[in-house]
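[1] Here you go, sequence then predicted model.
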Amino acid sequence: MADIKKYNLKGVGANVELGKQGSYISGTSDAVSFFDNTDALQKVSIANATLAGHAITKAQLDDVSGDLIQHFTTEFEYDTGTVNLANVTSGSRVIGVTVDIPTAWTADNNTATFVEVGDSGSASRYIRTGDVDVLIAGQYHSQYQYEYDSADTLTLKVTSGTATAGVGSVSLVISSGVITVTDYGGIQSSADVNSDLGNIA
């Protein structure tokens, strides 16, 4: 019976070269990196993932991210001025915009104090001048939706007017892909009397 020998190949070295003058693998306690023969990081080619423990390819990630719904909230002050909120790509749709005024702002009146949310084409596409009353705490929601056929920048514009103090926040819900909405029809006619509810005209 032949003897079985154990060589314990642990610790081959930090770098392992793949063939003569080929790329090599470099390992540390934190990461494993692949380099070409010019010491530049090399792309790693893998098959599409089919099981939970597999790494996914860029194509699979792009396919998933194209349908993502993103939500983000950022705060602003009475003297914020005009700022860019986000960049949207072609095919993106803004689903909802909400401006929250947690406490009434310090201002003599609201005739010259405005909060607007829009984009580079229309600074008040979603929240218009006068939609938000900064003297009353509350949430102001825009139900207007807009789909972008080219890349654009979403903007916030705060005109302080007579305001001397105050904060707020703006929340946006954005789809990074095209949403297909099913039309289930509508009510064609309705009765103006119901025996249970009474007159509902």
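    Done, it's in. Numbering: from 1, shown residues only.
[2] what's the distance between the closest residue to Val117 other than its chain neighbours and Thr155?
    Leaving aside its chain neighbours, Val117 sits nearest to Ile127 (4.0 Å; criterion: C-beta to C-beta, 6 or more residues apart in numbering). Heads up, the C-betas are built off the backbone N, CA and C, glycines and all. Distance, Ile127 to Thr155, by C-beta to C-beta, to the nearest Å: 11 Å.
[3] In whichever strand or helix holds Ser171, which residues are buried?
    Element membership of Ser171 [criterion: DSSP states H and E] is strand 167-175. Using 16 or more other C-beta atoms under 10 Å as the test for burial, strand 167-175 gives Gly168, Val170, Ser171, Leu172, Ile174, Ser175.
[4] Out of those residues, which comes closest to Thr38?
    Ile174 (40.7 Å; C-beta to C-beta).
[5] burial count for the closest residue to the closest one other than its chain neighbours?
    Distance criterion C-beta to C-beta, 6+ apart; nearest residue to Ile174, sequence neighbours excluded, is Gln70 at 4.9 Å. Gln70 has 14 neighbours, counted by other C-beta atoms under 10 Å.
[6] And Gln70, how far from Leu135?
    32 Å.
[7] what sits against Val44?
    Phe34 (C-beta atoms under 8 Å, 6 or more residues apart in numbering).
[8] gap between stretch 39-50 and the chain center?
    27 Å (C-alpha atoms, centre = their mean, to the nearest Å).
[9] Next, the buried residues of the helix or strand encompassing Val97.
    Val97 is part of strand 93-101, with elements assigned from DSSP H and E. By neighbour count with 16+ other C-beta under 10 Å, strand 93-101 contains the buried residues Arg93, Val94, Ile95, Val97, Thr98, Val99, Asp100, Ile101.
[10] Same check on stretch 22-39?
    Result for stretch 22-39 [16+ other C-beta under 10 Å]: buried residues Tyr24.
[11] From start to finish, how long is that stretch in a straight line?
    Using C-alpha to C-alpha, to the nearest Å, the end-to-end distance of stretch 22-39 comes to 11 Å.
[12] pLDDT of it, averaged?
    Mean pLDDT, stretch 22-39: 83.
[13] and it, how far out from the chain's middle?
    That offset, for stretch 22-39, works out to 34 Å (C-alpha atoms, centre = their mean).
[14] how about the strands in the protein?
    15-17, 24-27, 32-35, 69-77, 82-88, 93-101, 114-119, 138-142, 146-147, 152-159, 167-175, 193-194, 198-199 (DSSP state E).
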